[in-house]
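Novice: From the sequence below, what's the structure:
(chains A and B)
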Amino acid sequence: MATIALPVEEKKKYEQEALITGAEAIAVACKLANVDVVTAYPIRPYDTVMQYISQLKADGEMDCEYIVAEGEHSQFEIVKHASVCGARVFCGSSGVGWMYAMEALTVTPALRVPMVAMVGNRALDDPGAFGVEHNDALAVRDLGWLLNWVDSAQEALDTALIAYRVAEDPRMFVPCAISCDGAFLTHSQALVNIPTQEQVKQFLPPYKRGDLLLHPDNVISVAPQVNEDWVMEVRRQNYEVTERACGVIREVYADFERIFGRKYGNPFFEEYMTEDAEVVLLGMGTLSTPTRVAIRKMREQGKKVGFVRLRWFRPFAGVELAKCLERFKAIGVIDRDFSFGSPNLSGVVATEVRSAMYTGAATRPPVLGFICGLGGREVLVQDVEHMTDITFQAAKGKAQPLTQWIGLRG
Amino acid sequence: MSTFVEEKPTQKLESFKGVKKVPHEEYYTSGHRTCQGCESAQIMKLMAKAAGPRTIVLGSTGCMYVANTSYYATPWGVPWMHTQLGSSGSAALGAAAAFRAQMRKGAMKDEPINVIAFCGDGGGADMGLGAISATMTHPDYNLLILMYDNESYANTDIQISGTSPYGVNTSFSTPGKVKRIMHHRWKKNMAPLMLVGHPTCKYVGTISTSYPLQAMNSVRKALSIGGPTFIHCLNPCPKGWDFDPVLSFELGELAVNTGIWPLYEVENGVLKLYGKTEKIANGQFKRLPVRDYLLKQGRFAHFIDEDIEYFQSKIDEMWNKWLVPGIIPLRREIEADEPR
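Specialist: Okay, the predicted model is just below:
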């Protein structure tokens, strides 16, 4: 793609700084991405993004079709079809709302639809809770969605732009969900650098569906009945997308850095104070904040602990992650989710990390699973200290239970 | 019309003035694997012919997906896409919204494109009712939802749907030793549900494949009038209704002539009955007994006289007691001797 090379410093002065929430940051990204069709349906906490988009449209700042659906199933089906007809689309949901759309979520990657969705992570019912839990977005982890977790409003905005670029790449054509922890990110304001329209135009080309476009000029039949004759080959195509995914994502992050001047380093996971660490904690989303605070505190006490924040869960950069983790004496994975009946009864991320380590790592450090912060319960600094202590015990060779619940009321 | 409703022009499809004036081009041709005498496939053909080439069709799961559109053998001469069972409403809305946005932004040539989503009775009257209802309230999108009604989930194994007739034998309502009638609900009155429930909807019609010219013209009106529109088509099904395929056409006629299936259209709020239905309503044609229709079908073979009489009484009620005979089941007054 042809680009105008500007020095980073010069580009920066065109950016505006604004105090906005994670949800608002994604709404701003949708505006900058010139999204064509947006569908909304109310459920807390993701829905604030749709309130902002509605206002942007009413104020004439965003030119899109804004449809309030009668349920999440329709919400996702409307944009799925809009995308097949060539439109850039956006929607999102939370908790059981996301689950209500599950049929649509299932067919979207299978139809090779580059939908971008925001998940404001929320605990699943019952009993009711508005707070964050990651099981909603994780429910689609096997279906071909690209899944990532962000931990700041700036990263939310940037990742939304990146998501469109990755999803709409003709080598991909799969949906991407950006997970933002409910309340902690969706409703928390922070200073965000808002890129210019020019920068975004440079970074994000228009969506071209090519010969897959549903339009009278292109007489095709999409998704005819195939049965056992072809369904396996069709699944294989989605598999091959995931083989390409890491490469495409790396390319896009490099381009992002070049055009916007913001560096994310390794796109797949972020390391914090890991250089000389003996043990690390690993987790996704906004639990990074108390974890970083606790690590700084523990470092003052001489404890060599670091943190790895997983950004992209699908694709799962298993080999790279295993190579990163093999140098530590023990790893404590903090899951803000559950996977009842799973191996070792661990959370989803712990199980994935163990699987990646089994084949990808030269060493076999203990991987402990911690279930923490469910239903929006805060992950406290003292919880992080407690998990770190347990992980150090494992590093010293003292056997620890493979799954422990942290911060349970007595 | 509110100034905030942004209408887009439609294709102006004049009514065909007679069968000889119907163009020869087919947009639904060979390749489908539907049964002999399948009237649902027939309405697909008529619908595509009536709409013409500047059309896209979104087909929800059902016979007209599974038996109709196989890989390497698609019968569709216009772009077609599978949509989920309950998604015909959402599919049409999404496609219309996509075209509108891209045309406004100059990313696509600005022209009227017919957007048709079809569903079966299972997809429309059961699972997809909510989505269709929501779609019918969007005045700024031009689209047509066509529900082909073979009165059962005919593709899966013939099971009861919301439009299955009273008493019918399906694989979920087989008569047994103790209960002769396992399905005792009355058929959902879909077209009036659409027209009464969605006051801004400009066109709702009922059609039958036994009256192909009227069926095609109904599709053309629905596509030309603008906004979301709905057509309900009754489609005799040899497999599900258990009759010789040679009778498909005749059963379609009998459904109308017995008064079971009234033919009408509501254009901008104005109700117009047509065909035999109109003659029934103004007394020029005496309804045939429902027995003539029911006993030609194996699905009613377990009916005894009592069942036929009950069925007849309900049809009589439709025509004699409803506020708008055959269509709107409101009453003028409570009747103490109402049969229960």
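Novice: which residues touch the closest residue to chain A within the stretch 51-200 of chain B?
Specialist: The stretch 51-200 of chain B approaches chain A most closely through B:Gly94 (3.1 Å), counting by C-beta to the nearest C-beta. Bear in mind the C-beta positions are built from the backbone N, C-alpha and C, glycine included. Contacts for B:Gly94 (C-beta atoms under 8 Å, 6 or more residues apart in numbering or on different chains) come out as A:Val37, A:Glu77, A:Ile78, A:Val79, A:Lys80, A:His81, A:Ala82, A:Ser83, A:Val84, A:Cys85.
Novice: and it, backbone torsions?
Specialist: phi -60, psi -40 (degrees, to the nearest 10).
Novice: measure it to B:His82 for me?
Specialist: Computed with C-beta to C-beta, to the nearest Å, the distance linking B:Gly94 and B:His82 is 14 Å.
Novice: Which parts of the stretch 301-410 of chain A are helices?
Specialist: A:318-325, A:348-360, A:381-395 (DSSP state H, counting those that start in this stretch).
Novice: Any idea which of those helices gets closest to chain B?
Specialist: Of all those, helix A:348-360 comes closest under C-beta to the nearest C-beta, at 26.7 Å.
Novice: What angle do helix A:318-325 and that closest one make with each other?
Specialist: 90 degrees (axes from the mean of the first three to the mean of the last three C-alpha atoms, to 10 degrees).
Novice: quick one: buried residues of helix A:348-360?
Specialist: A:Val348, A:Val349, A:Ala350, A:Thr351, A:Glu352, A:Val353, A:Arg354, A:Ala356, A:Met357, A:Gly360 (16 or more other C-beta atoms under 10 Å in any protein chain shown).
Novice: Out of those residues, which are close to chain B?
Specialist: Among those, no residue lies close to chain B (C-beta under 8 Å from any C-beta of the partner chain).
Novice: Pick out the most distant pair among the residues you listed.
Specialist: Using C-beta to C-beta, the pair of the buried residues of helix A:348-360 lying farthest apart is A:Val348 and A:Gly360, separated by 17.9 Å.
Novice: ok, B:Cys63 to B:Gly120 distance?
Specialist: B:Cys63 is 6 Å from B:Gly120, by C-beta to C-beta.
Novice: what residues are up against the residue in chain A that chain B sits nearest to?
Specialist: Ranked by C-beta to the nearest C-beta, the top residue of chain A for proximity to chain B is A:His81, at 3.1 Å. Counting by C-beta under 8 Å, 6+ apart, A:His81 touches A:Leu214, B:Leu58, B:Met81, B:Thr83, B:Ser87, B:Ser90, B:Ala91, B:Ala92, B:Leu93, B:Gly94, B:Ala95, B:Ala98.
Novice: what's the nearest residue to it if we skip its chain neighbours?
Specialist: Of all residues not flanking A:His81 in the chain, B:Gly94 sits nearest, at 3.1 Å (C-beta to C-beta, 6 or more residues apart in numbering or on different chains).
Novice: Give me the local confidence score for the one you found.
Specialist: Looking at B:Gly94, its pLDDT reads 98.
Novice: same check, this time on A:Ile4
Specialist: 46.
Novice: Where does the prediction get shaky in chain B?
Specialist: For chain B, the stretches flagged by pLDDT under 70 are B:1, B:336-340.
Novice: mind listing the helices in it by residue range?
Specialist: Shown for chain B, the helices assigned by DSSP state H span residues B:39-51, B:63-66, B:88-104, B:121, B:129-136, B:190-197, B:212-225, B:238-241, B:248-257, B:275-281, B:290-294, B:305-320.
Novice: ok, the first one near chain A or not?
Specialist: To tie it back to what came earlier, the one meant is helix B:39-51. No. Counting by C-beta under 8 Å from any C-beta, chain A is not contacted by helix B:39-51; separation bottoms out at 10.3 Å.
Novice: now for that helix, which elements pack on it?
Specialist: strand B:55-60, helix B:63-66, strand B:114-120, strand B:143-149, helix B:212-225, helix B:248-257 (3 or more C-beta pairs under 8 Å, 6 or more residues apart in numbering or on different chains; DSSP states H and E).
Novice: Mind doing that once more with 7 Å?
Specialist: helix B:63-66, strand B:114-120, strand B:143-149, helix B:212-225 (3 or more C-beta pairs under 7 Å, 6 or more residues apart in numbering or on different chains; DSSP states H and E).
Novice: List of residues touching it?
Specialist: Applying C-beta atoms under 7 Å, 6 or more residues apart in numbering or on different chains, the external contacts of helix B:39-51 come out as B:22, B:26-28, B:32, B:34, B:57, B:63-64, B:68, B:77-78, B:114, B:116, B:146, B:148, B:150, B:209, B:212, B:215-216, B:219-220, B:223, B:233, B:235-237, B:248, B:252.
Novice: how far off strand B:55-60 does it point, in degrees?
Specialist: Going by the same axes, to 10 degrees, helix B:39-51 makes 160 degrees with strand B:55-60.
Novice: Give me the distance from helix B:39-51 to the chain's centre.
Specialist: 12 Å (C-alpha atoms, centre = their mean, to the nearest Å).
Novice: now the last one
Specialist: On the basis of C-alpha atoms, centre = their mean, helix B:305-320 is displaced by 23 Å from the centre of the chain it belongs to.
Novice: Render the CA-only coordinates of it in CSV, please.
Specialist: Taking C-alpha atoms only, helix B:305-320 is exported to CSV below (Å, rounded to 0.1, in the frame of the first residue of the first chain):
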residue,chain,number,x,y,z
ASP,B,305,-67.4,-36.8,10.8
GLU,B,306,-67.2,-34.9,14.1
ASP,B,307,-63.8,-33.6,13.2
ILE,B,308,-64.8,-32.5,9.7
GLU,B,309,-67.9,-30.8,11.2
TYR,B,310,-65.7,-28.9,13.7
PHE,B,311,-63.4,-27.8,11.0
GLN,B,312,-66.4,-26.7,8.9
SER,B,313,-67.8,-24.8,11.8
LYS,B,314,-64.6,-22.9,12.3
ILE,B,315,-64.5,-21.9,8.6
ASP,B,316,-68.1,-20.9,8.7
GLU,B,317,-67.3,-18.7,11.7
MET,B,318,-64.5,-17.1,9.8
TRP,B,319,-66.9,-16.0,7.0
ASN,B,320,-70.1,-15.4,9.0
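Novice: What is it packed up against?
Specialist: Using 3+ C-beta pairs under 7 Å, 6+ apart, helix B:305-320 sits against helix B:290-294.
Novice: which residue is nearest the centroid of chain A?
Specialist: By C-alpha atoms, centre = their mean, chain A has its centre lying nearest to A:Asn148, at 1.6 Å.
Novice: check contacts around the residue of the stretch 201-340 of chain B found nearest chain A.
Specialist: Closest contact between the stretch 201-340 of chain B and chain A, by C-beta to the nearest C-beta, is at B:Pro228 (12.4 Å). Contact analysis of B:Pro228 by C-beta under 7 Å, 6+ apart lists B:Thr135, B:Met136, B:His138, B:Tyr141, B:Leu143, B:Cys201.
Novice: So A:Val68 sits against A:Val38, correct?
Specialist: No. Under the contact definition of C-beta atoms under 7 Å, A:Val68 does not touch A:Val38, with a separation of 9.7 Å.
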